[in-house]
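Colleague: Below are the sequence and a predicted model; questions follow.
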Amino acid sequence: MAAWMRCYAYCLFGVTLSLGAFSHGYASQWPTKPIKLVVPYTAGGGTDILARMIGRRLSEALGVPVVIENRPGSDGSIGTEAVAKAAPDGYTLLIDGSSQAFNVALGKKLGYDSARDLAPIVQTANQQVLLMVNAKLPIANVQELIAYARANPGKLSYGASSNANVLPMELFKIMSATDIVHVPYKGAGPMLNDLLGGQIEISMSGAAAPLPHVRAGSLRVLGIGDDKRASTLPEFPTISESGLPGFQTVQWSGMFAPAGTSPSIIERINYEVVEILKDPVFRQQMMAAGFDVVQGDQSPEHWRALIAAEVTKWKNIARQAKLQSE
């Protein structure tokens, strides 16, 4: 090897070592102050419940406070944009779920590009989607709901606090050939209040927020969205087995950082969250709250691929339902 080539190789190796040392050193100094975990929805919804559960444990693992900040609005896009534009220093993180795919699938005009401006960290949970009615409504199962809706087009209404609730219900309408009116809400709390009060008759949303009302007998679950019965909610049949074969949807959630965040910080957060999710006590707490524990690959790369696949799936459904923005 020529002398200049040896010199170049040694210099390049030295620079690589220096950069690696810098990255490791930066990560070893992090965190030194509180971390803000943004929930892009109102307090009390499924994402908020999960964020507070994980935030407490992550604070213990990292030795600094993890502060939950609710920044609701525009189907999660206001809080997401705040994180996408934050400094990529590991002190501002996002926890969100299916809306990250649904907003893109609907062609929603956003002040950010999720694929470009957010760095996936880890998938945190799946949440069963419940098809629910007010318990006073004389409808006991999916087949009865479909029959009633077909006989009374436009007479029933469903509430949705985000696109993560809208698209699954629109899929139900497409597959069942029914006309059910969409009533939008700004948060899961107000939507549940109206469902309990009878102002709306139906909702299809994540299990965590409504589950206490289901267990109290105020809401009736007609079916869950997954294509197999859930170990967390074994008493409820699937929508697919109850009269709508082939129906399948779950809500998923996970954590993100602003793009450009040090890979070593992302790896550290991923490691700590995965360790939290492995803890048997925490897993039981999650299941009791209505969340399914994530199985298999929990790498940032897997999380990114899952979101991309969901965007493709729901784009097609949004097109069929004629919901895409021009």
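Modeller: Yep, it's here. Treat the numbers as computed from the prediction; the structure is a model and nothing was measured.
Colleague: What segments of the stretch 101-250 of the chain are strands?
Modeller: Assignment of strands within the stretch 101-250 of the chain using DSSP state E, counting those that start in this stretch yields the ranges 118-134, 157-160, 181-184, 202-206, 219-224, 250-258.
Colleague: The last one to strand 118-134, inter-axis angle?
Modeller: So the one you mean is strand 250-258. Relative orientation of strand 250-258 versus strand 118-134 (axes from the mean of the first three to the mean of the last three C-alpha atoms, to 10 degrees): 150 degrees.
Colleague: again, but for the fifth one
Modeller: Put simply, strand 219-224 runs at 120 degrees to strand 118-134, going by the same axes, to 10 degrees.
Colleague: Give me the packing partners of strand 219-224, helices and strands only.
Modeller: Contact analysis of strand 219-224 by 3 or more C-beta pairs under 8 Å, 6 or more residues apart in numbering; DSSP states H and E lists strand 118-134, helix 142-151, helix 211-215 as its packing neighbours. Heads up, the C-betas are built off the backbone N, CA and C, glycines and all.
Colleague: Give me the contacts around that strand.
Modeller: Where contact means C-beta atoms under 8 Å, 6 or more residues apart in numbering, the residues beyond strand 219-224 that reach it are 128-135, 137, 139-142, 145, 195-196, 207, 210, 213-214, 230, 233, 236-242.
Colleague: from those residues, which would you call buried?
Modeller: In terms of neighbour count (16 or more other C-beta atoms under 10 Å), the buried residues within the contacts of strand 219-224 are 128-134, 137, 139, 142, 145, 195-196, 207, 210, 213-214, 230, 233, 236-240, 242.
Colleague: Which pLDDT value does the model give Glu144?
Modeller: Glu144 is assigned a pLDDT of 97 by the prediction.
Colleague: ditto for Trp314
Modeller: 90.
Colleague: what kind of secondary structure is it in?
Modeller: Per DSSP: H, G, I helix; E, B strand; the rest coil, the local secondary structure of Trp314 is helix.
Colleague: Could you verify my assumption that it touches Ser99?
Modeller: No. Shown here, Trp314 and Ser99 do not form a contact pair, counting by C-beta atoms under 8 Å, at 10.5 Å.
Colleague: mind putting the helices and strands packed on strand 219-224 in TSV, distance to Gly189 included?
Modeller: Compiled in TSV, those are given as follows (distance: least, C-beta to C-beta, whole Å):
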stretch	distance to Gly189
strand 118-134	15
helix 142-151	24
helix 211-215	11
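Colleague: Might you report the residue contacts of Ala51?
Modeller: Leu37, Val39, Ile68, Ile95.
Colleague: and it, what helix or strand is that in?
Modeller: helix 46-62 (DSSP states H and E).
Colleague: Show me which positions of that helix end up buried.
Modeller: Counting neighbours by 16+ other C-beta under 10 Å, one finds that the buried residues in helix 46-62 are 46-51, 53-55, 57-59, 62.
Colleague: what is the mean pLDDT for stretch 238-252?
Modeller: Averaged over stretch 238-252, pLDDT sits at 93.
Colleague: Skipping its backbone neighbours, what lies nearest the residue nearest the centre of the chain in space?
Modeller: For the chain, Gly97 is the residue whose C-alpha lies nearest the centre (C-alpha atoms, centre = their mean; 1.7 Å). With C-beta to C-beta, 6 or more residues apart in numbering as the criterion, Gly97 has its nearest non-adjacent residue at 3.4 Å, and that residue is Ser253.
Colleague: for the one you found, which residues make a bridge with it?
Modeller: In this structure, Ser253 has the following beta-bridge partners (DSSP bridges): Gly97, Ala125.
Colleague: does Leu171 really touch Ser240, like I thought?
Modeller: No. With contact defined as C-beta under 8 Å, Leu171 does not reach Ser240; the gap is 11.8 Å.
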